[in-house]
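Visitor: sequence-free structure coming up:
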């Protein structure tokens with residue numbers, strides 16, 4: 001029953017997700033605005049254009065940094 005799910009870590013917190021999800025799928029599922037974030041995937045900064053080509057694996061670590069403007 002749970003064979004299709006994996007555990008990843010988002011900003012240090014465990015999260016269950018479907019094993020076929022890409023980084024883009026995950027971020028959209030979590031309602032992130034892709035235009036104002038930076039994503040670190042297993043300690044590597046990933047370009048926005050590549051989010052849909054990285055598929056999640058068990059124990060992957062994702063850090064999502066929100067860009068805030070102001071002055």
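Guide: Received, thanks. In this text the structure is predicted, and so the values were computed from the model without any measurement.
Visitor: got a list of what the residue most central in space within the chain touches?
Guide: The residue lying closest to the centre of the chain (CA atoms, centre = their mean) is residue 23, at 4.4 Å. If you count contacts by CB atoms under 8 Å, 6 or more residues apart in numbering, residue 23 has them with 39, 41, 46, 51-52, 54-56, 62. All C-beta atoms are positioned from the backbone trio N, CA, C, and that covers glycine.
Visitor: mind checking how far it is from residue 69?
Guide: Relative to residue 69, residue 23 is positioned 23 Å away (CB to CB, to the nearest Å).
Visitor: Start from the N-terminal end of this protein and give the helices.
Guide: Here the chain has its helices, by DSSP state H, at 23-29.
Visitor: what bits of it have low per-residue confidence?
Guide: 1-2, 71 (pLDDT under 70).
Visitor: And the strands in it?
Guide: 5-10, 13-18, 37-41, 44-46, 61-66 (DSSP state E).
Visitor: same for the second one, what does it pack against?
Guide: Secondary-structure packing of strand 13-18 (3 or more CB pairs under 8 Å, 6 or more residues apart in numbering; DSSP states H and E): strand 5-10.
Visitor: returning to what we had before: I'd like the strands of the chain as TSV, with mean neighbour count and distance to residue 28 appended.
Guide: Output for the strands of the chain, formatted as TSV (neighbours: other CB atoms under 10 Å; distance: least, CB to CB, whole Å):
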stretch	mean neighbour count	distance to residue 28
strand 5-10	16	14
strand 13-18	12	12
strand 37-41	16	11
strand 44-46	12	15
strand 61-66	14	12
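Visitor: roughly how far is stretch 8-19 from the heart of the chain?
Guide: Relative to the centre of its chain, stretch 8-19 is centred 8 Å away, using CA atoms, centre = their mean, to the nearest Å.
Visitor: For residue 9, state which of the contacts of residue 23 is nearest.
Guide: Closest approach to residue 9 among these (CB to CB): residue 62, at 6.9 Å.
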